[in-house]
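> Requesting a structural model of the entry that follows:
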Amino acid sequence: MGDTGPTGPVMDRDEVDRALARLGAEHEAIETSLLALQDHAGRRLLEGAELTGVTAERWGTAEASITLLWTYFDAYTAALRSAREIRSRRRWSSREDLVELTELLRGEAVTVASGAAAIANAPTPHGGPGRLSERYSLVTLVDRMNQLYATSLDMVVAADAVWSALPARIDLLAAELQRTRKLAHSVGVRPGEHPAGDDLERITRTLTRLREQVISDPLAFWTPARGSSAPGGGRPDTTVYDREARALEEVRREIDAVLAVRQDAEQRIVRLRDVLSRADRTLAEARTARGEVLAKIAATEVPVVGGPPIVLQEQLAAAAEYRRHAQWHRLSPLLESLEEKAEDELLRARESLTAVTAPLAVRAELRGRLDAYKAKMARLGHAEDPELAEKYEKARRMLWSAPCDLRVAEQAVLRYQHAAAELLGTARRVPGQGGPVDRTGPGS
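Presented below is the predicted three-dimensional model:
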């Protein structure tokens, strides 16, 4: 349009209405974000915490930024309200109204006290220290609110993430530390008498100090993500925690070694009996399953299930004798060897059960695939197709009869898929068949 004003071309009514709609949507989004920030658990914790270090410094800036955010938002709200009031004066806005609206919507028509920006250490676009107020356009004001919101939210989210992660983990580690200290004391591992006892004292002091630092200065334990501009991008720095957790684990292993020499022979033998018993039960289950597979599945090679190795039971009996006669030098290597062999035996039994029951799993997969395709065809309105129904019934009879020939049943399922694909008019081929297959699959 040809009319111009102080801020350039004067907006027409449609441009004004579109601008007001956009600004209204932005206002709602900004208000929602500000209220969420105000109610954020991390912000509430920061507000009530006794902070130190970098967190205290950044929270002071963030608090001022949040205050400035609301100041900007109030000014933005007032400007938007004024614009709406001008637009609502008359249905067809006069040129004077449009000039005023253009200045308000596009010009630097929003006034904010300059002291507010100074409190938040925020730069001002026109400013010297002597200015009592600053003027902004609505676009500039939104940009500044977005910047302040992002930096404030980043600080709040980072502190909350550290507080959510580290103190709880430190407390769990401290509880484990106390249990380890009691155990160490019970076997004579004490500070000044054993290196592991000295390590426990050092870990205790470090964890106590670490928790205090995390609570008062969480941002000292925050590692920002490289290249990330999203608020809260990063992760808690768990370096000190991880180091102490590893140290505690090393102490625990030393104490376990002491316990192993004194008292765990009987427990290890009991565990060995349990592992071998589980292996025997698993093999028995595999033998039962093999009979079921042979009865239900035809033309399938089912592996033979071996029996439990007698030599391990004999060695276990020998270990019990060694313990009964306190022959620790013989018992220790035998237990180590037996523990490894028993776990291998349990693994072998589980693998045998898996191998034996594989045909039943294949049959279940074919049943599921057939029913899934049937459900899809019914959903697409092809449930009553006679050819499709006939192929489904043939495949179903094969899969739900005993003994079931898996190879023949699989071909029947593929023929059903082939017919379904042809009915749907797709072009991809069914593996092993000459025709097309539905490329979308049963879940489409």
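> elements contacting the helix or strand hosting L370?
Following DSSP states H and E, one finds L370 within helix 328-379. Packed against helix 328-379 by the contact rule (3 or more CB pairs under 8 Å, 6 or more residues apart in numbering; DSSP states H and E) you find helix 265-296, strand 297-298, helix 310-324, helix 386-399, helix 406-424. (Glycine included, C-beta is placed from N, CA and C.)
> switch the cut-off to 6 Å
Here helix 328-379 touches helix 265-296, helix 310-324, helix 386-399, helix 406-424, going by 3 or more CB pairs under 6 Å, 6 or more residues apart in numbering; DSSP states H and E.
> Can you say which of the ones you listed is nearest to L69?
When the helices and strands packed on helix 328-379 are compared by CB to CB, helix 406-424 sits nearest L69, at 56.0 Å.
> Off-centre distance for that closest one?
Centre-to-centre, helix 406-424 and its host chain are 39 Å apart (CA atoms, centre = their mean, to the nearest Å).
> Output the contacting helices and strands for that helix.
Looks like helix 406-424 contacts helix 328-379, helix 386-399, strand 436-437 (3+ CB pairs under 6 Å, 6+ apart).
> hang on, the earlier thing: quick check: mean pLDDT of the helix holding L370?
Mean per-residue pLDDT for helix 328-379: 83.
> let's number from 569 now, not from 1
OK, 569 is where the count begins now, so the last one is helix 896-947.
> Look at the closest residue to S705 other than its chain neighbours and give its secondary structure.
Nearest non-adjacent residue to S705, counting by CB to CB, 6 or more residues apart in numbering: E676, 5.0 Å away. Recorded secondary structure, E676: coil (DSSP: H, G, I helix; E, B strand; the rest coil).
> Would you mind giving me the confidence score for E676?
For E676, pLDDT reads 81.
> Verify the stated contact: it with R703.
Yes - with contact defined as CB atoms under 6 Å, E676 counts as touching R703 (4.3 Å).
> Spit out the residues that contact those two alike.
Shared contacts of E676 and R703 (CB atoms under 6 Å, 6 or more residues apart in numbering): none.
> pLDDT below threshold where in the stretch 769-918 of the chain?
The stretch 769-918 of the chain contains residues with pLDDT under 70 at 795-798, 825-827, 829-830, 867-868, 894-898, 900.
> Quick one: mean pLDDT for stretch 713-731?
Averaging the model's pLDDT scores along stretch 713-731 yields 90.
> Using CSV, list the CA coordinates for that stretch.
Taking C-alpha atoms only, stretch 713-731 is exported to CSV below (Å, rounded to 0.1, in the frame of the first residue of the first chain):
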residue,chain,number,x,y,z
MET,A,713,12.4,-12.8,26.6
ASN,A,714,13.3,-15.9,24.7
GLN,A,715,17.0,-15.4,25.4
LEU,A,716,16.4,-14.7,29.1
TYR,A,717,14.1,-17.7,29.4
ALA,A,718,16.6,-20.0,27.8
THR,A,719,19.5,-19.0,30.0
SER,A,720,17.3,-19.1,33.2
LEU,A,721,15.8,-22.4,32.3
ASP,A,722,19.2,-23.9,31.4
MET,A,723,20.5,-23.0,34.9
VAL,A,724,17.4,-24.3,36.7
VAL,A,725,17.3,-27.6,34.7
ALA,A,726,21.0,-28.2,35.2
ALA,A,727,20.8,-27.7,39.0
ASP,A,728,17.7,-29.9,39.2
ALA,A,729,19.3,-32.6,37.1
VAL,A,730,22.3,-32.7,39.5
TRP,A,731,20.1,-32.7,42.6
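> for that stretch, which positions count as buried?
The neighbour-count check on stretch 713-731 (16 or more other CB atoms under 10 Å) flags 713, 716-717, 719-731 as buried.
> now, which of those residues lie within helices?
Counting by DSSP state H, the part of those found in helices is 713, 716-717, 719-731.
> Closest one to L982 out of those residues, please.
Nearest member of those to L982, counting by CB to CB, is A729, at 51.7 Å.
> Any idea what the residue nearest to that closest one when sequence neighbours are not counted is bridged to?
Counting by CB to CB, 6+ apart, P804 is the residue found nearest to A729 once chain neighbours are left out, at 5.9 Å. With DSSP bridges as the criterion, P804 is bridged to W790.
> before we move on, the earlier item: what's the closest of the buried residues of stretch 713-731 to E631?
S720 (8.6 Å).
> what about the closest residue to L948 other than its chain neighbours, distance to M945?
Among residues not flanking L948 along the chain, L992 sits closest, at 7.2 Å (CB to CB, 6+ apart). Plainly put, L992 is 8 Å away from M945 if you go by CB to CB, to the nearest Å.
> Show me the domain layout of this structure.
572-720, 729-829, 833-924, 929-1005 (automatic domain parsing).
> Now do the one helix or strand L709 maps to: which elements does it pack against?
Element membership for L709 (DSSP H and E) is helix 706-754. Here helix 706-754 touches helix 609-616, helix 621-655, helix 763-784, strand 802-804, helix 807-831, going by 3+ CB pairs under 6 Å, 6+ apart.
> before we move on, back to that, residues in contact with the residue nearest to A729?
P804 is in contact with A729, V730, A733, L734, F789, counting by CB under 6 Å, 6+ apart.
> go on, L974?
By CB under 6 Å, 6+ apart, the neighbours of L974 are V930.
> can you rerun that using 10 Å?
I865, A866, A867, T868, P927, L928, V930, R931, L934, M966, L967 (CB atoms under 10 Å, 6 or more residues apart in numbering).
> Nearest to P759, out of the residues you listed: which one, please.
The closest of the contacts of L974, once distances to P759 are taken by CB to CB, is L928, at 59.5 Å.
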